[in-house]
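# I would like the atomic coordinates for the input below:
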Amino acid sequence: MVNTQVKNKLKEAAKLLSEVLTELEGTTTAVKSRLTESAPKSPSSLPERIIALRDAGFFRVPKTAEEVHAELQDSAKDTYYHCEPDRVVMALLRLLKRGELRKVSKKDGIEVKKKIAYVW
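Prediction:
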């Protein structure tokens with residue numbers, strides 16, 4: 001007797017759960033469609049901003065970490081990001097390791113000092 005009552009209660013709970021899930025599926029698809037229709041996401045992290053520079057063609061000519069940092073400090077641009085130069089160097093190294101950028105050497109100034117530059 002008790003087993004039958006438990007089974008019936010479980011069947012009722014399963015039925016209610018399936019009804020709730022079908023209702024939720026309709027709302028999640030509506031929410032997903034609204035999210036995909038929204039404006040394109042602007043880059044928020046430092047690596048995302050460096051990738052945005054790369055996609056804009058900034059790295060067609062080899063750039064040093066100092067040049068990348070200077071470009072990120074330009075507040076008139078979408079890629080503005082206030083940070084220390086060390087963070088830019090580390091972000092560039094990580095992007096290099098992931099294969100998002102390539103490394104070349106660049107001669108700098110009158111002293112003809114070789115510096116590491118990044119290119120795409």
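# going forward, measure contacts between C-alpha atoms and count neighbours the same way
Fine.
# what's in contact with stretch 100-108?
Applying CA atoms under 8 Å, 6 or more residues apart in numbering, the external contacts of stretch 100-108 come out as 51, 62, 64, 92, 95-96, 113-120.
# Compile those residues into TSV and extend it with columns for distance to residue 75 and neighbour count.
Listed next are these as TSV, based on distance: CA to CA, whole Å; neighbours: other CA atoms under 10 Å:
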residue	distance to residue 75	neighbour count
51	17	20
62	22	17
64	19	22
92	20	25
95	23	18
96	25	15
113	30	10
114	29	12
115	26	14
116	25	14
117	23	22
118	22	24
119	23	19
120	24	16
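# wait, what's in contact with the closest residue to residue 64 other than its chain neighbours?
The shortest distance from residue 64 to any non-neighbouring residue, by CA to CA, 6 or more residues apart in numbering, is to residue 117 (4.3 Å). When contacts are counted by CA under 8 Å, 6+ apart, residue 117 is found next to 62-65, 103-106.
# Could you give the average pLDDT over the one helix or strand residue 117 maps to?
Element membership of residue 117 [criterion: DSSP states H and E] is strand 113-119. The average of the pLDDT scores along strand 113-119 is 88.
# Stretch 81-100 too?
Here the average pLDDT along stretch 81-100 is 94.
# Could you do stretch 8-24 as well?
On average, the pLDDT along stretch 8-24 is 81.
# gap between the strand holding residue 117 and the chain center?
Centroid displacement of strand 113-119 relative to its chain, using CA atoms, centre = their mean, to the nearest Å, is 26 Å.
# what does stretch 86-100 give?
With CA atoms, centre = their mean as the basis, the mean position of stretch 86-100 lies at 14 Å from the chain mean.
# One more: stretch 78-92?
Per CA atoms, centre = their mean, the centroid offset for stretch 78-92 relative to its chain is 15 Å.
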